[in-house]
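>>> quick one, structure for this:
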Amino acid sequence: LVDLNALPHWAKFAAVIPALFASVLLYLDQHITGRLVNRAQNRLKKGAGYHLDLVVTSVMVGVCSIFGLPWLVAATVRSLNHIVALAETEETVDATGALKENISHVRENRLTGVAIHALLGASVFVLPALAKIGSEIPMSVILGLFLFMGVSSLIGNQFWDRLKLWVMDPGQYPSTHYVRRVKTKKVHLYTGIQLACFAALWGIRASPLALVFPMMIAALV
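Got it, this is the predicted structure:
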């Protein structure tokens, strides 16, 4: 615990700066995840509930801050994999003859979300056993799991699909709306700009300037 009365007055006011960065990061993380989950390709039927989600997140962040607990915010990769796990897909053939997998229906429910987080909460009671098991699992296995989750969430990501166009024969391009309506050079230019921004974000995150990472994400908008 930190005795706030022991902090100098200037430190209390200076804490506003990193708090602002953290607020921007939480806000963007929540909304970016919500936007990806509720995109039209996922064919969800429930209302998006962006504002309600943000209110719940804000209240939980406040409660967790008081008790010194980790903040809760939407997890992008896990949320997208949750959608994939509940989805029924169908394979279609586009104009070029390429086989494409599309989501036809998602079995929306509240049970899986409650069960997942109930199990996460229950893990507190088996921490000694988890620590023993964790020490026996090679780190490569854990990293491989995260890699699999990340790669599987790339399915349907337009940025990733446009990156693949760089190494694809123009005659084999999928018949997407941006391929039909935008010149190929402009598509590649836009993708290149996005890739440069992604590289810049990654570099900033791994540098001593990581504190301004949330502001860089906001600047991309």
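
>>> got the contact list for the residue nearest the centre of the chain?
For the chain, the residue nearest the mean C-alpha position is Thr76 (2.3 Å; C-alpha atoms, centre = their mean). Counting by C-beta atoms under 8 Å, 6 or more residues apart in numbering, Thr76 touches 29, 32-33, 36, 153. Yep, even glycine has a C-beta here, placed from its N, CA and C like the rest.

>>> can you rerun that using 10 Å?
Residues counted as contacts of Thr76 (C-beta atoms under 10 Å, 6 or more residues apart in numbering) are 29-30, 32-34, 36-37, 150, 153.

>>> pLDDT of the helix or strand harbouring Ile133, averaged?
Under the criterion of DSSP states H and E, Ile133 resides in helix 127-136. Helix 127-136 carries an average pLDDT of 77.

>>> and the following helix or strand past that helix with helix 127-136, angle?
For helix 127-136, the succeeding helix or strand toward the C-terminus, using DSSP H and E, is helix 139-152. Put simply, helix 139-152 runs at 90 degrees to helix 127-136, going by axes from the mean of the first three to the mean of the last three C-alpha atoms, to 10 degrees.

>>> neighbouring contacts of helix 139-152?
76-78, 80-81, 84-85, 134, 137-138, 160.

>>> how about it as CSV, C-alpha atoms only?
Output of helix 139-152 as CSV, limited to C-alpha atoms (Å, rounded to 0.1, in the frame of the first residue of the first chain):
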residue,chain,number,x,y,z
MET,A,139,8.0,-21.2,-22.1
SER,A,140,8.0,-22.1,-25.8
VAL,A,141,4.7,-23.9,-25.3
ILE,A,142,3.1,-20.8,-23.7
LEU,A,143,4.5,-18.5,-26.4
GLY,A,144,3.3,-20.9,-29.1
LEU,A,145,-0.3,-20.8,-27.6
PHE,A,146,-0.3,-16.9,-27.8
LEU,A,147,1.2,-17.1,-31.3
PHE,A,148,-1.6,-19.5,-32.4
MET,A,149,-4.3,-17.2,-30.9
GLY,A,150,-2.7,-14.2,-32.7
VAL,A,151,-2.5,-15.9,-36.1
SER,A,152,-6.0,-17.3,-35.9
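
>>> now do that helix: distance to the chain's middle.
15 Å (C-alpha atoms, centre = their mean, to the nearest Å).

>>> swap in stretch 16-31?
Per C-alpha atoms, centre = their mean, the centroid offset for stretch 16-31 relative to its chain is 15 Å.

>>> can I get it in PDB, CA atoms only?
C-alpha atoms of stretch 16-31 as PDB (Å, rounded to 0.1, in the frame of the first residue of the first chain):
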ATOM      1  CA  VAL A  16      -2.200  13.400 -13.800                       C
ATOM      2  CA  ILE A  17       0.000  13.100 -16.900                       C
ATOM      3  CA  PRO A  18       0.600   9.300 -16.900                       C
ATOM      4  CA  ALA A  19      -3.100   8.900 -15.700                       C
ATOM      5  CA  LEU A  20      -4.200  10.800 -18.800                       C
ATOM      6  CA  PHE A  21      -2.100   8.500 -21.000                       C
ATOM      7  CA  ALA A  22      -3.500   5.400 -19.300                       C
ATOM      8  CA  SER A  23      -7.100   6.700 -19.700                       C
ATOM      9  CA  VAL A  24      -6.600   7.200 -23.400                       C
ATOM     10  CA  LEU A  25      -5.100   3.700 -23.800                       C
ATOM     11  CA  LEU A  26      -8.000   2.100 -21.900                       C
ATOM     12  CA  TYR A  27     -10.600   4.100 -23.900                       C
ATOM     13  CA  LEU A  28      -9.000   3.200 -27.300                       C
ATOM     14  CA  ASP A  29      -8.400  -0.500 -26.300                       C
ATOM     15  CA  GLN A  30     -12.000  -0.900 -25.300                       C
ATOM     16  CA  HIS A  31     -13.500   0.800 -28.400                       C
END
